[in-house]
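Chemist: Coordinates for the following, if possible.
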Amino acid sequence: MKLLQNILILCLLFLSSTKILAQKDSLALQRKARSLVRDGNQLYAQKQYTDASVAYKKALENSASYDKASYNLGNAMYQNKNFKEAAPQYELTAKTATDKFTKAEAYHNLGNSMMETKNFQGAVDAYKNSLRNNPTDDETRYNLAVAQELLEKEKQDNKDDKNKDNKDNKDQDKKDKDDQNKDKNKDKKDNDDKDKKDDKDGEGNKKPYPKNDDKKDPNEKPKPQKGKMSPQQIKQLLESLNNEEKKTQKKMNAEKAKGEKVKQEKDW
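Modeler: Purely as a prediction, here's the structure:
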């Protein structure tokens with residue numbers, strides 16, 4: 001039992017010492033971070049913004065939630081016109097800061113960065129957040145009014161551009177449709193002209209429509225229509241009738257001679 005108690009005591013002492021060491025390390029890192037921030041501030045004052053940025057970044061490596069380091073880093077980047085890179089640092093400061101004044105300053109500068117990149121909606125939101133934390137800041141209120149005006153102008157320009165694009169699209173569609181109609185009319189006219197040309201001979205006179213007889217064999221003799229006789233047939237018929245008449249007359253004469261009795265003369 002006593003052995004168990006001694007083990008528990010040792011464990012508590014070990015945990016306590018570990019916690020103390022961690023606190024000492026944390027304090028040491030914080031002190032180092034503050035020192036780096038002071039170095040960065042001196043460089044910033046000398047307008048050596050790039051070197052100042054390096055110092056502030058090192059400070060954040062030692063204390064990631066050090067809001068002063070992130071805020072100052074944002075300012076150094078802003079001075080170097082790295083507005084897009086500055087914005088996340090101001091956002092980090094606004095998130096980690098514990099007092100409203102620091103939050104208000106971070107949101108104000110975030111709005112300025114958004115204005116520089118023409119993100120007017122983002123600027124409006126940032127200035128509003130700044131005023132929520134510090135409603136008496138007239139400079140932020142003025143910047144908010146400017147950002148809102150620019151945002152409305154941007155929306156109107158986008159609307160006008162959209163209407164212009166719609167109009168251009170409609171005009172283009174109308175032009176395409178007109179061109180298609182022109183092409184159709186041209187094709188129809190060309191076809192009509194071709195048909196008219198085909199209907200004319202080389203001298204420009206209209207050709208007669210072909211008759212059905214044109215399809216017949218040119219060597220075939222024409223056939224008489226029903227109910228009519230050709231002159232040749234009439235001639236043959238007359239000759240046949242004449243021959244028949246002669247045969248009939250000859251036959252009649254022969255029959256007459258055969259049927260007549262020899263007349264004897266009477267003896268008176």
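Chemist: Just the helices from the stretch 51-200 of the chain, written as ranges.
Modeler: 67-79, 83-96, 100-116, 120-133, 138-198 (DSSP state H, counting those that start in this stretch).
Chemist: Buried deepest among those, which one?
Modeler: Of the helices of the stretch 51-200 of the chain, the one with the most neighbours on average (mean count of other Cβ atoms under 10 Å) is helix 67-79, at a mean of 23. Placement of C-beta: from N, CA and C, glycine included.
Chemist: From the contact counts, what lies against that helix?
Modeler: Contacts defined by 3 or more Cβ pairs under 8 Å, 6 or more residues apart in numbering; DSSP states H and E place helix 67-79 against helix 2-45, helix 49-62, helix 83-96, helix 100-116.
Chemist: can we see that at 6 Å?
Modeler: With contacts defined as 3 or more Cβ pairs under 6 Å, 6 or more residues apart in numbering; DSSP states H and E, helix 67-79 has these neighbours: helix 2-45, helix 49-62, helix 83-96.
Chemist: Check those helices for me: which has the lowest mean pLDDT.
Modeler: Lowest mean pLDDT within the helices and strands packed on helix 67-79: helix 2-45, a mean of 72.
Chemist: domain assignment for this protein?
Modeler: With domains defined by automatic domain parsing, the chain comprises 28-80, 100-197.
Chemist: mean pLDDT for those: which is lowest?
Modeler: domain 100-197 - the lowest mean pLDDT of those, at a mean of 87.
Chemist: I'd like the distance from Leu36 to Glu61, if you could.
Modeler: Leu36 sits 9 Å away from Glu61, taking Cβ to Cβ, to the nearest Å as the criterion.
Chemist: who has more neighbours, the two?
Modeler: Neighbour count, other Cβ atoms under 10 Å: between Leu36 and Glu61, Leu36 has more, with 22 against 14.
Chemist: Give me the contact list for stretch 119-130.
Modeler: 104, 107-108, 110-111, 114-115, 140, 143-144, 147-148, 150-151, 154 (Cβ atoms under 6 Å, 6 or more residues apart in numbering).
Chemist: quick one on the thing from earlier: would you turn the domains of the chain into TSV with distance to Lys246?
Modeler: Below are these laid out as TSV (distance: least, Cβ to Cβ, whole Å):
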stretch	distance to Lys246
domain 28-80	141
domain 100-197	65
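Chemist: And those domains: which comes nearest Asn243?
Modeler: domain 100-197 (60.2 Å; Cβ to Cβ).
Chemist: circling back: do you know which of the helices of the stretch 51-200 of the chain lies nearest Gln46?
Modeler: So among those, helix 67-79 is nearest, using Cβ to Cβ, at 11.7 Å.
Chemist: what about Val54, neighbour count?
Modeler: Neighbours around Val54, by other Cβ under 10 Å: 16.
Chemist: From Leu43, how far off is it?
Modeler: 8 Å.
Chemist: Ser53 too?
Modeler: For Ser53, the distance to Leu43 - Cβ to Cβ - is 9 Å.
Chemist: Could you do Lys235 as well?
Modeler: For Lys235, the distance to Leu43 - Cβ to Cβ - is 138 Å.
Chemist: Met114 now?
Modeler: 26 Å.
Chemist: do the same with Asn72
Modeler: Counting by Cβ to Cβ - Asn72 and Leu43 are separated by 10 Å.
Chemist: same check, this time on Asn181
Modeler: Distance from Asn181 to Leu43, by Cβ to Cβ: 73 Å.
Chemist: Next: Asn112.
Modeler: Taking Cβ to Cβ, one finds Asn112 at 21 Å from Leu43.
Chemist: swap in Lys174?
Modeler: 64 Å.
Chemist: Check Thr96 too.
Modeler: Thr96 is 23 Å from Leu43, by Cβ to Cβ.
Chemist: Done for today, thanks.
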